[in-house]
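1. Okay, structure incoming, though there's no sequence with it:
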């Protein structure tokens, strides 16, 4: 298997070309594309990127949009817009794999915007992966903007496990009435990697809710930063959870901000950062796991 | 069989365990009881390797395990149920049972272990071992992980602590079954009369010393009447 196929498998899985529609971008250019009667993919004219249109009342569609970078020194900026029309249900798997064997930095900045129509339902999965032993950094800076019309729902799952040297992940969302937004983020950093994430969620409609969970593991000399800002402008519910595990000289900083601007807004923030609890290690060791196996099992479970 | 020889343990100038000598035989159900602070949990932790004695020796089926670590002892056949079960984030009941059995058991097998402790297995097997589970549920899952290991010495530290009466009825059934069928040593720390009732032998610990040790027929009445701890039992 060549490097590109390996990276594709890492970020999207083996069935990358089995989706209803897909767009594979390699080293800044569209390499392969497939559309379906319900999903149209159009190349943007004014800037780099695509528009993905999911037709009204689509029962369930799978869309894959992986990005692969193997060219050292390349900075690939891409603007992808997703228009999910009303009553449609779609699962989108995106992801970026960078392989850098050389000295120059490789960077991918993906700016994704989601426009959800009424009653639309989206599951968005994004996985970031870096490989290659070159000195050049592997940098990923994804920005996600989510605009939700009434009764729509979105679940966003993002995973970044090792390999990415520097990342700034920004997620912004506005929710109208009865909308639900669930975000699960998992990040593991090692060596001298840095990962920063920022969430800005504005809840403007009654009975809308959001649940943001961030689980981070910072090992060796890596650094992570979690910032969240949830604004409740209506009768709404928000729960932000930031859990961090530290190993060796890893550092995690959490900056929570919740702002209730309505008497019926109910906003909660929880943050807990620390090393693996000794009692957890003892329990797993009492089941026969060595200290190292117990530690790995706890981290694997935490990031599952 | 597990033997404890001259076990001593002192912390902050206080003798927690004072020259403990004990031989526990296979196929027997032992109950360790005594007042709070008498050293019961410390004794159990020393057997499991969570605490190291200042002096003395522990033999498991004739092999000296005094210097062995927790995981080495676990792999040699010691099972330990914590008094306060540990919570995790992300680790499921199924994961714990797989760790316990050290093999890729399927969900049906995992469910069998949960059914043994009176849990409606399908509802629990995929749940995370976290704060969403009640004290009684966690306690039964804890016991299931020990039973799943089929250890040669099964140690339970106050299985009744922190659970409601309803859950306790179920637990009592679990221990009755262990008493009837289990081939190894069962060692339960308890204050509960109904668990003392099941025991083949009761060991009474006070201020770090074994005060008396013997068959339940000979001991139960005297324990219930004489010692402080037994006020708790009567309640």
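-> Everything's here; your move. What you see is a predicted model, and the numbers here were worked out from it, not measured in a lab.
2. Need phi/psi at the spatially most central residue of chain B.
-> Note on chain B: the residue nearest the mean C-alpha position is residue B:156, at 1.0 Å, using C-alpha atoms, centre = their mean. Main-chain dihedrals, residue B:156, degrees, to the nearest 10: phi -120, psi 120.
3. quick one, what contacts it?
-> Applying C-beta atoms under 8 Å, 6 or more residues apart in numbering or on different chains to residue B:156 gives the contacts B:81, B:143, B:146, B:186, B:187, B:188, B:189, B:190. C-beta coordinates here come from the backbone N, C-alpha and C atoms, glycine included.
4. can you give me the end-to-end distance of stretch A:158-168?
-> 13 Å (C-alpha to C-alpha, to the nearest Å).
5. circling back to that earlier point, who's the residue nearest to the centre of chain B bridged to?
-> Assessed by DSSP bridges, residue B:156 has beta-bridge partners residue B:81, residue B:188.
6. Could you check how far it is from residue B:19?
-> Noted for residue B:156: a distance of 24 Å to residue B:19, by C-beta to C-beta, to the nearest Å.
7. three-state assignment of residue A:151?
-> Following DSSP: H, G, I helix; E, B strand; the rest coil, the label given to residue A:151 is coil.
8. right, and it touches residue A:178 too?
-> Yes. Counting by C-beta atoms under 8 Å, residue A:151 does reach residue A:178; the two are 4.6 Å apart.
9. So which of those two has more stuff around it?
-> Set side by side, residue A:151 and residue A:178 show more neighbours around residue A:151, with 21 against 18, by other C-beta atoms under 10 Å in any protein chain shown.
10. which stretches of the chain have low pLDDT?
-> You didn't say which chain, so I picked chain A. For chain A, applying pLDDT under 70 flags no range at all.
11. wrong one, I was asking about chain B
-> Using pLDDT under 70, the flagged stretches of chain B are B:220-235.
12. what about residue B:168, is that helix, strand or coil?
-> Per three-state DSSP, residue B:168 ends up helix.
13. show me what contacts it?
-> B:160, B:192.
14. mind checking how far it is from residue B:131?
-> Counting by C-beta to C-beta, the gap from residue B:168 to residue B:131 is 22 Å.
15. about what we covered before: if I look at the residue nearest to the centre of chain B, how far off is chain A?
-> Using C-beta to the nearest C-beta, to the nearest Å, residue B:156 is found at 12 Å from chain A.
16. Around chain A, which positions in chain B sit nearby?
-> Listed as neighbours of chain A in chain B under the rule C-beta under 8 Å from any C-beta of the partner chain: B:48, B:50, B:69-71, B:74-75, B:79-80, B:82, B:85-86, B:88-92, B:95-96, B:99-100, B:102, B:145, B:149.
17. Tell me which residue is most central in chain A.
-> residue A:158 (2.7 Å).
18. just the helices in chain B please.
-> B:40-48, B:70-76, B:93-101, B:107-116, B:121-124, B:135-149, B:165-181, B:193-198, B:216-226, B:229-234 (DSSP state H).
19. which strands and helices sit next to the fourth one?
-> Pointing back at helix B:107-116 there. Helix B:107-116 sits against helix B:93-101, helix B:121-124, helix B:135-149, with contacts defined as 3 or more C-beta pairs under 8 Å, 6 or more residues apart in numbering or on different chains; DSSP states H and E.
20. can I get these in CSV with mean neighbour count?
-> Listed next are the helices and strands packed on helix B:107-116 as CSV, based on neighbours: other C-beta atoms under 10 Å in any protein chain shown:
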stretch, mean neighbour count
helix B:93-101, 22
helix B:121-124, 16
helix B:135-149, 23
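21. Ok, which of those helices comes nearest residue A:87?
-> Proximity to residue A:87 (C-beta to C-beta) singles out helix B:121-124 among the helices and strands packed on helix B:107-116, at 33.3 Å.
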